[in-house]
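Q: Predicted model follows, preceded by the sequence.
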Amino acid sequence: MMAINITIPKAVNWHCEAFCNYRCEFCYAGFETQRKQPKIGLEQGQEIIQDLAIAGVEKINFVGGEPMLHPHLDEWIKESKRCGMVTSIVSNGTNMTKQWLTEMRPHLDWLGLSVDASNDQIHAIMGRANASEFKRGESSHLDRALNIASMANALGYGIKLNTVVTSANVLDDMTDVVKNINPTRWKIFQVLKIDGENDGRVEALLVSNNQFENYVSYHKESLKSSSIDVVPENNDAMLGTYAMIDAQGKVYTNKEGRYLYSSETILESGFVSCWSEVQSGFSHEAFDARGGEWDWETSMGVVL
């Protein structure tokens, strides 16, 4: 039997919570079938985290859905830090209070906020709003995000900013908002279609490569006097460059515009075994090329 060569990814995104309270039209992490399944327990999540650390994963990013909605998130972040991993979260800001940010500061290294526009009129068009706001065609996302960023900066967090470029915001000037948030890294994503996730509703929001490049070029120029690292990811850069885990503990990658899942969960067969099934959908070279590995340890904020 031929031995399988396995190279463990250095960073993993754990979509630990399948549900989201927002209604983003472009979302490619809807996990509609998973929302109906019971959430995994505290100890099960800790077992997953320990297995990742033993396998050699260096950084864990808690994402969703909306990760702040999971009842065990805080303990999982703490366990990840205890296991020696760099910890990160990407959130719409739900439930992020000053008390939470203060309590989590010794355990959470990177705070990632999703902000797509310089005003909430555009956010409403894109669905960056909770269910009740979405029905009214409104959003209050920007003010909350700016308030969270202010508190996080004061507490010394490393801050990341994520923006998805769509037809709704492709001409929007985010310069002042980005300077206000003051992230170490601003990741700009070209809206991505994933079969079985957002196909059928994302088409009107798609932008061309040229439109995306113009957006990136404009903002690189407008922010050239700042120390903010502008990191663009077009569709080609995103495909096959993310190692992911779903809310039930299955490992998956985004191969050729659709998700490739392991047959079992990490709890059933371990991360290494699950990864061996899906690693054909991941390119370590492309991961490096898109800046997937960066100076995440020395660039993060200091613990106060």
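A: Done, it's in.
Q: which non-adjacent residue is nearest Lys10?
A: Among residues not flanking Lys10 along the chain, Glu58 sits closest, at 4.7 Å (C-beta to C-beta, 6 or more residues apart in numbering). In short, each C-beta sits where N, CA and C put it, glycine included.
Q: ok, now how distant is that neighbour from Glu103?
A: 24 Å (C-beta to C-beta, to the nearest Å).
Q: The two: who's more crowded?
A: Between Glu58 and Glu103, counted using other C-beta atoms under 10 Å, the more crowded position is Glu58 (17 against 13).
Q: Next one: the more buried one, what pLDDT does it get?
A: pLDDT for Glu58: 96.
Q: For Thr7, see how far away it is.
A: Counting by C-beta to C-beta - Glu58 and Thr7 are separated by 13 Å.
Q: can you pull the buried residues of stretch 274-281?
A: 274-279, 281 (16 or more other C-beta atoms under 10 Å).
Q: And it, how far out from the chain middle?
A: Distance of stretch 274-281 from the chain centroid (C-alpha atoms, centre = their mean, to the nearest Å) equals 20 Å.
Q: Touching it from outside, list them.
A: 4, 6-9, 55, 240, 243, 250-256, 260-266 (C-beta atoms under 8 Å, 6 or more residues apart in numbering).
Q: Can you name every helix or strand that the host helix or strand of Asp236 contacts?
A: Per DSSP states H and E, Asp236 falls inside helix 235-238. The contact analysis (3 or more C-beta pairs under 8 Å, 6 or more residues apart in numbering; DSSP states H and E) places helix 235-238 against strand 185-190.
Q: those helices in the stretch 101-250 of the chain, which residues are they?
A: Using DSSP state H, counting those that start in this stretch, the helices found in the stretch 101-250 of the chain span residues 120-126, 131-136, 141-155, 175-181, 209-222, 235-238.
Q: so which of those helices is the most packed in?
A: helix 120-126 (a mean of 20; mean count of other C-beta atoms under 10 Å).
Q: helices or strands up against it?
A: helix 141-155.
Q: can we see that at 6 Å?
A: Applying 3 or more C-beta pairs under 6 Å, 6 or more residues apart in numbering; DSSP states H and E, one finds that helix 120-126 makes contact with no other helix or strand.
Q: got a list of contacts for it?
A: 25, 116-117, 137-139, 141-142, 168-169, 172 (C-beta atoms under 6 Å, 6 or more residues apart in numbering).
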